[in-house]
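Asker: I would like the atomic coordinates for the input below:
(one chain, ligands or ions: 2)
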Amino acid sequence: LSRSLEKAQRLIGKTGTLTAENMKEPLKEVRRALLEADVSLPVVRRFVKKVEDRALGTKVLEGVTPDVQFIKVVSNELIDLMGGGVGAKDLEPGFPQIILMAGLQGVGKTTAAGKLALYLKKSKKSCLLVATDVYRPAAIDQLVKLGTAIDVPVFELGTQVDPVEIAKRGVEEAKRLGVDAVIVDTAGRLQVDEDMMGELRSIKSAVRPSDTLLVVDAMTGQEAANLVKAFNDAVDITGAILTKMDGDSRGGAALSVREVSGKPIKFVGVGEKMEALEPFYPERMASRILGMGDVLTLYEKAEQAIKKDEDAKKMMDRLLEEKFDFNDFLNQWKSMNNMGGLQMLKMMPGFNKVSEKALYEAEKQFESYAAIINAMDEEERTNPEVIIKSMARRRRVAQESGKAEAEVSKLMTAYTQLRAQVGGMSKLLKLQRAGGNQE
Ligand code: GDP
Ligand code: MG
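Answerer: Ligands and ions are numbered 1, 2, ... in the order given. Next up is the predicted model:
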């Protein structure tokens with residue numbers, strides 16, 4: 001096994017960076033994955049071109065193939081594009097916050113309006129829902145029912161009043177009631193048309209919303225890019241809600257939204273219930289769109305392996321320098337804990353023949369040592385002789401750490417012994433290195 005690993009490493013060593021050549025195959029794979037996830041074709045083209053340019057010349061991490069490295073770069077770009085690493089985006093502030101819902105018919109606007117009202121309520125904000133979908137009587141009933149279910153008032157004027165007028169009076173009502181937020185639900189159409197956009201524009205200029213949220217069905221598919229462009233051009237959205245993410249869709253629409261409008265996705269809908277609203281997490285979404293989670297896991301493993309190697313190397317370097325103060329004593333113990341705790345202790349000189357129970361006790365012991373060392377000042381820690389020689393200092397450290405003086409003495413002995421062993425190891429290492437150089 002170790003020989004085949006070595007061979008693999010040597011091969012990778014030769015292709016240490018991403019080149020046009022070794023990116024060719026994974027590039028195809030990524031293109032296919034994005035199209036399968038329903039990212040719009042022009043968006044895929046632009047995105048892939050950008051990533052290709054950016055990835056060229058990227059160093060390939062030791063222990064992974066160029067394919068894996070390339071997919072890691074793509075994943076990072078996706079995350080960057082969709083969220084810039086800043087975590088979930090919330091609603092814009094406002095007094096009151098005025099949230100205008102936009103989107104085609106059936107995408108989940110009314111449902112999302114209710115979900116947002118509940119979300120605001122949970123963050124201790126009072127809310128008013130406003131029903132302006134006058135084209136279908138059932139639409140008003142739907143919002144009223146939702147409002148009742150989550151105990152949020154709904155403002156409506158039936159189907160005979162102009163939607164713009166309803167929106168305006170709804171906001172006035174919200175101010176009169178003194179609520180923190182008002183959510184204006186609107187009517188969609190089956191397709192983008194001038195009727196809908198005209199109405200949205202009028203409502204928008206009448207109520208001046210802090211947020212104009214485009215609701216997009218995750219199943220929209222290739223059309224998402226055109227759709228987002230049309231709405232963003234007409235009403236300048238502040239963000240989007242991606243609904244029906246509980247379905248099978250890989251959510252490529254998320255990338256299209258972001259790439260076309262530059263606006264963030266603020267929430268995702270994950271079901272029909274009012275509670276089924278989540279903040280948008282770019283990393284989760286990137287992984288879902290790419291559908292290459294296992295490849296990325298591989299990359300992470302390689303990264304961790306390298307970190308372990310580096311930690312071990314640092315330890316060796318300290319040993320070779322023959323420096324070993326209380327900080328080293330503690331660090332070594334800490335890093336051993338991080339790297340698998342008790343198992344690593346077995347590799348310490350003097351610990352190799354000890355039982356599990358004894359090892360457990362040893363760890364407790366080290367914890368006690370850590371408390372004592374933490375109570376030392378900088379001089380004592382880096383120059384152990386000062387405290388080894390001074391009873392007064394030992395007494396003070398015992399008091400400050402809440403340990404017995406005998407325990408402090410025990411630490412001094414343990415430290416001196418370990419230092420002696422380390423000294424021995426260090427000499428051995430030097431001999432080995434000298435031998436290695438003669439080869
Ligand atoms: P509107 O026409 O844009 O107002 O859409 P509605 O809010 O009336 O929703 C249309 C349908 O989609 C309803 O049956 C909703 O229950 C359903 N729906 C909305 N959001 C989600 C979601 O996140 N997941 C699922 N599975 N269904 C949803
Ligand atoms: Mg509706």
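
Asker: hmm, who's touching the host helix or strand of Asn226?
Answerer: Following DSSP states H and E, one finds Asn226 within helix 224-235. If you take CB atoms under 8 Å, 6 or more residues apart in numbering as the criterion, helix 224-235 is touched by 38, 40, 42-43, 100, 102-104, 192, 197, 200-201, 204, 212, 214, 216, 220, 237, 240, 252-253, 256-257, 259-261, 263. Backbone N, C-alpha and C define where each C-beta goes, glycine included.

Asker: how about 6 Å then?
Answerer: Helix 224-235 is contacted from outside by 40, 43, 102, 192, 197, 200-201, 204, 212, 214, 237, 253, 256-257, 260-261, using CB atoms under 6 Å, 6 or more residues apart in numbering.

Asker: Of those residues, keep whichever come out buried.
Answerer: Listed as buried from those are 40, 43, 102, 192, 197, 200, 204, 212, 214, 237, 253, 256-257, 260-261; burial here means 16 or more other CB atoms under 10 Å.

Asker: Now, those residues that are in strands?
Answerer: 102, 212, 214 (DSSP state E).

Asker: can you put those residues in a markdown table and add distance to ligand 1 and pLDDT?
Answerer: As requested, those are exported to a markdown table (distance: CB to the nearest ligand atom, whole Å; pLDDT from 0 to 100):
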| residue | distance to ligand 1 | pLDDT |
| --- | --- | --- |
| Ala102 | 10 | 98 |
| Thr212 | 15 | 97 |
| Leu214 | 11 | 98 |
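
Asker: Go through these and say which is closest to ligand 2.
Answerer: Here the nearest of those to ligand 2, counting by CB to the ion, is Ala102; it sits at 11.2 Å.

Asker: hmm, back to that, now, which of the buried ones among the contacts of helix 224-235 sits nearest ligand 2?
Answerer: Ala102 (11.2 Å).

Asker: For that closest one, name its beta-bridge partners.
Answerer: Leu214 (DSSP bridges).

Asker: That one contacts Leu214, correct?
Answerer: Yes: with contact defined as CB atoms under 6 Å, Ala102 reaches Leu214; the gap is 5.2 Å.

Asker: one step back: check whether the helix or strand following the helix holding Asn226 contacts ligand 2.
Answerer: Later in the chain than helix 224-235, the nearest helix or strand by DSSP H and E is strand 239-243. No: Strand 239-243 is not in contact with ligand 2 by CB under 5 Å from the ion; minimum separation 11.6 Å.

Asker: Run me through the strand neighbours of strand 239-243, direction for each.
Answerer: Sheet partners assigned to strand 239-243 using DSSP bridges are listed as strand 211-217 (parallel), strand 265-269 (parallel).

Asker: could I get those strands as a markdown table with distance to Phe95?
Answerer: Formatted as a markdown table, the strands paired with strand 239-243 follow (distance: least, CB to CB, whole Å):
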| stretch | distance to Phe95 |
| --- | --- |
| strand 211-217 | 13 |
| strand 265-269 | 19 |
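
Asker: I'd like those as JSON lines, with distance to ligand 2 appended.
Answerer: Output for the strands paired with strand 239-243, formatted as JSON lines (distance: least, CB to the ion, whole Å):
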{"stretch": "strand 211-217", "distance to ligand 2": "9"}
{"stretch": "strand 265-269", "distance to ligand 2": "13"}
